[in-house]
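K.L.:
I need the structure of the sequence given here:
(one chain, ligands or ions: 2)
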Amino acid sequence: MRGSLGGPRVLLRRLRETMAEQISAQERLDKIVVLIAANMVAEVCSVYVLRVDGTLELYATEGLNREAVHLTVLNAGEGLVGLVAKEAEPLNLPNAQNHPAFSYKPETGEEIYNSFLGVPILRAGNTLGVLVVQNRARRTYSEEEVEALQTTAMVAAEMIASGELTAIATPGHEPAARRPLQMNGLALAEGIGLGRVVLHEPRIHVTNVIADDVKAELARLDGAVETLRSSIDVMLEDEGMARAGEHRDVLEAYRMFAQDRGWMKKLQEAVQTGITAEAAVERVQSDTRARMLRQTDPYIRERLHDLDDLANRLMRELTGADPEARTSNLPDNAILVARNMSPAALLDYDRTRLRGIVLEEGAPTSHVAIVARALGVPTVGQIANATALSDQGDAIIVDGETGEVQLRPPADLERAYVEKVKLRARRQAQYAALRDREAVTKDGVKIDLLMNAGLLVDLPHLAEAGADGIGLFRTELQFMIAAALPRTSEQYTLYRSVMDAAKDKPVTFRTLDIGGDKVLPYLRSVEEENPALGWRAIRLSLDRPGLLRAQIRALLRAAAGRELRIMFPMVAVVSEFDNARALVERELTYLRRHGHRLPNQVMVGAMLEVPSLLFALDDILERADFLSVGSNDLVQFLFAADRGNAQVANRFDPLSPPGLRVLKMIADTCKRHGKPFTLCGELAAKPLEAMALIALGFRSLSLSPAMIGPVKAMVLAANVGEAEKAIQPLLKGGASGREKLRAFAVEAGIPV
Ligand code: PEP
Ligand code: MG
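P.N.:
Ligands and ions are numbered 1, 2, ... in the order given. The predicted structure follows:
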């Protein structure tokens, strides 16, 4: 930066000293603008701070009229300053007043200044304010000057983010940086959690901003990038791809960025302004995040996310931060905030210290959501930008009932939530009191309430929830959280422990349901246009019978001397069931021949989740020992509405005539064949839907243990005869029967 006094490094050092001084926030800001103006040979330097209402307030100035400080306020998007904030990009103009966005504020006296350079004050991609320099002479600021001002803005960002400015803010118009935020997402796991933010991948706070030796910093940067590149190459070459969750396409994208000249150039330029390599990564990362937040194209967003992840890796490389430290120093009221995480990563944390999880992504049927439900940790997903908006240690509330997240909640809101938690605890106590009561309706009909499970951590729920057994054991979860394919002996051990824990209660094991969205990190996955309709579940199992045979053998051996119940997922045609059943017979013959002790009885069932099977019900019921309706998939395929896509997942109501009629047909046909049937999808976990199922003829439901209490309370208050009458007329017509069913329940005093 030619003509400046001492260059950016001297300025940064002075700013650092000013930050450390024991002075008021206003004095500090006043000093900062004087320092910047002098260093950049600018006649004006001003700081505008973004307020909670989206407006920008002049907080300090050198050069403009001092009376305008705290008086001049620009509306969102107003003027050049508003434009910089909105676009989150620098604006460099030799003749500001000619710009269409220029807005005249007479109290500032800025009309005599022609050139204008404004840069956003960014932190983790969020705009906190705008930093401006102005000159009378018409000039375009050099690229170095733009860089230098952006670097300076990092210091301003730190000051705003510290919360220090609240003391000099007009009440009700505080800086937006630390404002309370209410964010609405998707409830993924039940419950309410109050606690403190723990960033799953913590942003590394750069304390060492100013470089002593630019050359040495450039060398450090080069060295770190080199290490990063080779570590990605190593991961890519590793055929086993043992690191769970790191899929090939992500790694390929990493490699692309790590070799991207533009990225490298930006990092080097930032270092050349006089900051350390890690500060340069933070600066460039902040720009990337700002771009990411404005990006609507999902593919580009995803790639920017990859770039962001890569910057995190580079930052860890430079600072030597230990990524494992996060799981050890956990506060006892931790609320994890992450873009997304694998089930394995979640299980690394001490469950007893987790109060909640907030994810930027995540769908109800995603693996992490299933594990979070199993662990009983309240979880909300689809909270855009959660990781950038929250800071380590911020107060936060997760409401897994409504899908709301309260970040830095005001005291009265926090009190309201404390009350809500107490109320919930009272309700839970009421459900617990029902634990040992049989689920029998008022007119004496017994309903079997089984639970869904998939991991060892689920098993204590069997007794706690008072479930009649396990109606769906998702065996793929063991495979999903493992770093490598579980050996037959490991499968055997798990199955045995499950049956031991269940004692004499029945357990239905579902064979591997992988493929589709359930990807195993260590098995090379096949690119598919429509994975949900692709090579998954029983299709994959029959094509790779080795995997299925090993699992069946583990199950048969684990069930020695007891009853074994197995079912196959995604059966579309009866021949698939026949082939799978034949494998069971073959394994039985093998074990018998080798003198192994066999199960007392083997029951083999089919899951009904593919609509084609609805038209082969008689055939399948002649072959299968029982049927289990997987309503998550059945509903998705029936209405052609992707269960994982928030936009369409709830578009169609299973309680509308097509859904009700399908369910009734299933119940009627099973009864005619005298074959046991159950339903194990999410439908069973909602009291109103469960009431409808009972009215349609279902007597056995399998659901997440947390919902057994509420569903049992419904059963105890219901009268099947009356419910049957109420649902009859709803099987016809065009509209959903939901509201009529609810009205019936309310009238009859049934808690739904
Ligand atoms: C279902 O599809 O309803 C089911 C129980 O299986 P999953 O959710 O594991 O696909
Ligand atoms: Mg399914």
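
K.L.:
for the residue in the stretch 51-200 of the chain that ligand 1 sits nearest to, grab phi and psi.
P.N.:
Closest to ligand 1 within the stretch 51-200 of the chain is residue 188: 13.6 Å, counting by Cβ to the nearest ligand atom. Just so you know, the C-beta spots here come from the backbone N, C-alpha and C atoms, and that holds for glycine as well. Per-residue torsions, residue 188: phi -110, psi -30 (degrees, to the nearest 10).

K.L.:
could you give the number of residues near it?
P.N.:
The number of residues packed near residue 188 is 27, by other Cβ atoms under 10 Å.

K.L.:
so it sits against residue 379, correct?
P.N.:
Yes - if you go by Cβ atoms under 8 Å, residue 188 and residue 379 touch, sitting 4.2 Å apart.

K.L.:
low-confidence ranges in this structure?
P.N.:
Within the chain, the ranges that satisfy pLDDT under 70 run 1-6, 238-251, 253, 258-259, 323-326, 365, 517, 521, 524-525, 646.

K.L.:
residues of it that sit close to ligand 1?
P.N.:
Residues of the chain found near ligand 1 (Cβ under 6 Å from any ligand atom) are 365, 472, 474, 513, 609, 630, 631, 632, 633, 680, 681.

K.L.:
these in helices, which ones?
P.N.:
Among the residues of the chain next to ligand 1, the members found in helices (DSSP state H) are 631, 632, 633.

K.L.:
contacting residues for the first one?
P.N.:
For residue 631, the set of contacting residues under the criterion of Cβ atoms under 8 Å, 6 or more residues apart in numbering consists of 609, 654, 679, 680, 681, 682, 683, 684.

K.L.:
how far away is the first one from ligand 2?
P.N.:
In this case it means residue 609. 5 Å (Cβ to the ion, to the nearest Å).

K.L.:
and the residue nearest to the spatial centre of the chain, its phi and psi?
P.N.:
When Cα atoms, centre = their mean is applied to the chain, the residue found nearest the centroid is residue 359 (2.6 Å). Dihedral pair for residue 359: phi -120, psi 150, per degrees, to the nearest 10.

K.L.:
likewise residue 181?
P.N.:
Backbone torsions of residue 181, given as degrees, to the nearest 10, read phi -130, psi 130.

K.L.:
neighbours of the residue lying closest to it once chain neighbours are set aside, how many?
P.N.:
Distance criterion Cβ to Cβ, 6 or more residues apart in numbering; nearest residue to residue 181, sequence neighbours excluded, is residue 407 at 4.3 Å. By other Cβ under 10 Å, 23 other residues sit near residue 407.

K.L.:
and residue 407, how far from residue 391?
P.N.:
9 Å (Cβ to Cβ, to the nearest Å).

K.L.:
just the buried members of the residues of the chain next to ligand 1?
P.N.:
Buried by 16 or more other Cβ atoms under 10 Å: 365, 472, 474, 513, 609, 630, 631, 632, 633, 680, 681, out of the residues of the chain next to ligand 1.

K.L.:
nearest spatial neighbour of the second one, skipping sequence neighbours?
P.N.:
This points to residue 472. In space, residue 472 comes closest to residue 680 once its chain neighbours are excluded; the distance is 4.0 Å by Cβ to Cβ, 6+ apart.

K.L.:
same question, the third one
P.N.:
With Cβ to Cβ, 6+ apart as the measure, residue 454 is the residue that lies nearest to residue 474, at 3.7 Å, once sequence neighbours are left out.

K.L.:
what residues are up against that neighbour?
P.N.:
370, 374, 473, 474, 475, 476, 477, 478.

K.L.:
also residue 69?
P.N.:
By Cβ under 8 Å, 6+ apart, the residues touching residue 69 are 58, 59, 60, 61.

K.L.:
between those, which sits nearest residue 518?
P.N.:
Residue 518 has its nearest neighbour among the contacts of residue 69 in residue 59, at 51.5 Å by Cβ to Cβ.

K.L.:
from residue 641, how far out is that closest one?
P.N.:
Distance of residue 59 to residue 641, computed by Cβ to Cβ: 50 Å.

K.L.:
hang on, the earlier thing: out of the contacts of residue 631, flag the one nearest to ligand 1.
P.N.:
Nearest to ligand 1 among the contacts of residue 631, counting by Cβ to the nearest ligand atom, is residue 681 at 3.0 Å.

K.L.:
so the closest one touches residue 636, yeah?
P.N.:
No - assessed by Cβ under 8 Å, residue 681 is found out of contact with residue 636, at 9.7 Å.

K.L.:
follow-up on the earlier one: so for residue 59 and residue 641, which residue has more residues nearby?
P.N.:
The neighbour comparison of residue 59 against residue 641 (other Cβ under 10 Å) goes to residue 59, with 25 against 15.

K.L.:
strands paired with the host helix or strand of the more buried one, and their directions?
P.N.:
Under DSSP states H and E, the secondary-structure element containing residue 59 is strand 56-62. With DSSP bridges as the test, strand 56-62 is paired with strand 44-50 (antiparallel), strand 73-74 (antiparallel).

K.L.:
neighbours of residue 672, how many?
P.N.:
Using other Cβ under 10 Å, residue 672 has 11 neighbouring residues.

K.L.:
just residue 717 next, same as before
P.N.:
Residue 717 sits with 17 neighbouring residues when counted by other Cβ under 10 Å.

K.L.:
gap between it and ligand 2?
P.N.:
From residue 717 to ligand 2 the distance is 30 Å (Cβ to the ion).

K.L.:
please name the residues that touch that residue.
P.N.:
Residues counted as contacts of residue 717 (Cβ under 8 Å, 6+ apart) are 442, 748, 749, 750, 751.

K.L.:
contacting residues around the residue in the stretch 151-300 of the chain that ligand 2 sits nearest to?
P.N.:
Across the stretch 151-300 of the chain, the shortest distance to ligand 2 (Cβ to the ion) belongs to residue 188, at 17.3 Å. The contact partners of residue 188, taken as Cβ under 8 Å, 6+ apart, are 357, 359, 362-364, 366, 369, 372-373, 379-381, 400.
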